[in-house]
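**Student:** only geometry, no sequence info:
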């Protein structure tokens with residue numbers, strides 16, 4: 001797999017001394033959807049802005065498609081499209097003129113056929129002659145994506161693409177992002193919504209205090225770090241866990257009606273069979289059994305708190 005973006009030792013310290021990024025190393029694979037998760041002030045927007053050339057790094061290097069975004073910034077930035085978090089649009093321009101003008105800003109010749117394709121793909125074609133002030137918030141966000149795609153970028157950055165939109169529109173945006181990936185565009189999105197990363201991302205990165213805590217395949221991450229638990233409801237409450245069961249990672253509920261066994265899903269043996277046998281030997285009668293698994297949100301919270 002080819003890396004479309006390579007970041008080495010990237011740091012950013014602002015004039016007031018605040019360090020937004022701290023020696024970040026990151027490879028972004030061409031054609032993937034990468035979700036960057038992190039609390040407010042973690043450095044997500046600064047990282048995206050540095051890659052897009054909006055923020056100058058204090059140290060480190062960024063290459064996009066093999067071009068250094070400092071020494072070869074024109075070529076590097078031609079490959080990048082950025083959809084900002086804020087709805088930064090005029091009021092009286094039409095959708096068509098706004099998107100076409102953005103293409104010209106990148107030094108590209110007019111290409112009405114490409115602009116038409118972008119607008120149709122984003123369900124904006126019937127709005128092409130509308131003034132921006134006549135559009136809903138969701139449609140304005142689509143216009144921002146159209147502007148970012150106007151010059152055929154290979155990498156698209158989405159900064160909180162579904163912030164402040166309703167659930168239905170958020171899911172619609174997820175479908176849109178997945179469709180964009182099928183055209184070969186590499187997509188990096190920052191998000192506060194854990195379910196967003198869980199739904200559409202190939203890999204998940206967690207950033208906090210300007211440092212990348214981890215970046216891993218979403219499925220592998222949930223498999224390795226996710227906890228799986230066996231929840232056992234007892235027929236009769238117990239006051240304490242029998243000594244014969246002390247070797248197991250068991251927690252008892254406050255009323256003694258439920259016990260929870262946490263086990264490793266990657267281990268050769270989960271120990272559940274032996275546990276149930278020992279339960280029976282201890283004279284504990286089971287009423288019901290169910291399993292639960294930690295979500296990406298649980299993993300994210302654990303990582304941030306560890307840091």
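**Tutor:** Right, received. Where do you want to start? Just so it is clear, the model here is predicted, and its values are computed rather than measured.
**Student:** would you map the strands across the stretch 51-200 of the chain?
**Tutor:** For the stretch 51-200 of the chain, the strands defined by DSSP state E, counting those that start in this stretch occupy 59-64, 67-68, 80-83, 155-159, 186-191.
**Student:** can you put those in TSV and add mean pLDDT and distance to residue 113?
**Tutor:** For the C-beta atoms, the positions are set from N, CA and C on the backbone; glycine is no exception. Formatted as TSV, those follow (pLDDT from 0 to 100; distance: least, CB to CB, whole Å):
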stretch	mean pLDDT	distance to residue 113
strand 59-64	94	26
strand 67-68	92	27
strand 80-83	88	18
strand 155-159	89	20
strand 186-191	88	23
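**Student:** for the ones you listed, which one ends up most surrounded?
**Tutor:** strand 186-191 (a mean of 25; mean count of other CB atoms under 10 Å).
**Student:** packing partners of it?
**Tutor:** strand 3-13, strand 19-29, strand 33-37, helix 44-52, strand 155-159, helix 167-182 (3 or more CB pairs under 8 Å, 6 or more residues apart in numbering; DSSP states H and E).
**Student:** flag every buried residue along the first one.
**Tutor:** By 16 or more other CB atoms under 10 Å, the buried positions in strand 3-13 come out as 3-7, 10-12.
**Student:** give me the beta-bridge partners of the residue nearest the centre of the chain?
**Tutor:** Geometric centre of the chain, nearest residue: residue 35, 2.2 Å, by CA atoms, centre = their mean. On the basis of DSSP bridges, residue 35 is bridged to residue 189, residue 204.
**Student:** residue contacts, it?
**Tutor:** The contact partners of residue 35, by CB atoms under 8 Å, 6 or more residues apart in numbering, come to 189-191, 196-197, 200-201, 203-205, 218.
**Student:** any chance of the strands of the stretch 51-200 of the chain in JSON lines, plus distance to residue 92?
**Tutor:** Formatted as JSON lines, the strands of the stretch 51-200 of the chain follow (distance: least, CB to CB, whole Å):
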{"stretch": "strand 59-64", "distance to residue 92": "34"}
{"stretch": "strand 67-68", "distance to residue 92": "36"}
{"stretch": "strand 80-83", "distance to residue 92": "22"}
{"stretch": "strand 155-159", "distance to residue 92": "25"}
{"stretch": "strand 186-191", "distance to residue 92": "30"}
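**Student:** closest to residue 290 out of the helices and strands packed on strand 186-191?
**Tutor:** helix 167-182 (27.4 Å; CB to CB).
**Student:** can you lay out the contacts of residue 35 as CSV showing distance to residue 56?
**Tutor:** CSV is the format used below for those (distance: CB to CB, whole Å):
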residue, distance to residue 56
189, 23
190, 20
191, 25
196, 29
197, 29
200, 31
201, 28
203, 27
204, 28
205, 22
218, 32
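**Student:** find the pair from those with maximum spatial separation.
**Tutor:** Going by CB to CB, the pair spanning those furthest: 190 and 218, at 15.5 Å.
**Student:** number of residues surrounding residue 256?
**Tutor:** Using other CB atoms under 10 Å, residue 256 has 14 neighbouring residues.
**Student:** same deal with residue 254?
**Tutor:** 6.
**Student:** give me the three-state assignment for it.
**Tutor:** Classification of residue 254 using DSSP: H, G, I helix; E, B strand; the rest coil returns coil.
**Student:** these two touch, right, residue 213 and residue 204?
**Tutor:** No. In this structure residue 213 lies outside contact range of residue 204 using CB atoms under 8 Å: 10.6 Å.
**Student:** ranking helices and strands of the protein by mean pLDDT, which lands last?
**Tutor:** helix 296-306 (a mean of 60; mean pLDDT, DSSP states H and E).
**Student:** so where's this structure shaky on pLDDT?
**Tutor:** For the chain, applying pLDDT under 70 flags the ranges 163-166, 192, 221-227, 264-269, 293-307.
**Student:** let me see the domain layout of it.
**Tutor:** What automatic domain parsing lists as the domains of the chain is 3-223, 227-293.
**Student:** quick one: the longest one to chain centroid distance?
**Tutor:** Its chain's average C-alpha position is 11 Å from that of domain 3-223, according to CA atoms, centre = their mean, to the nearest Å.
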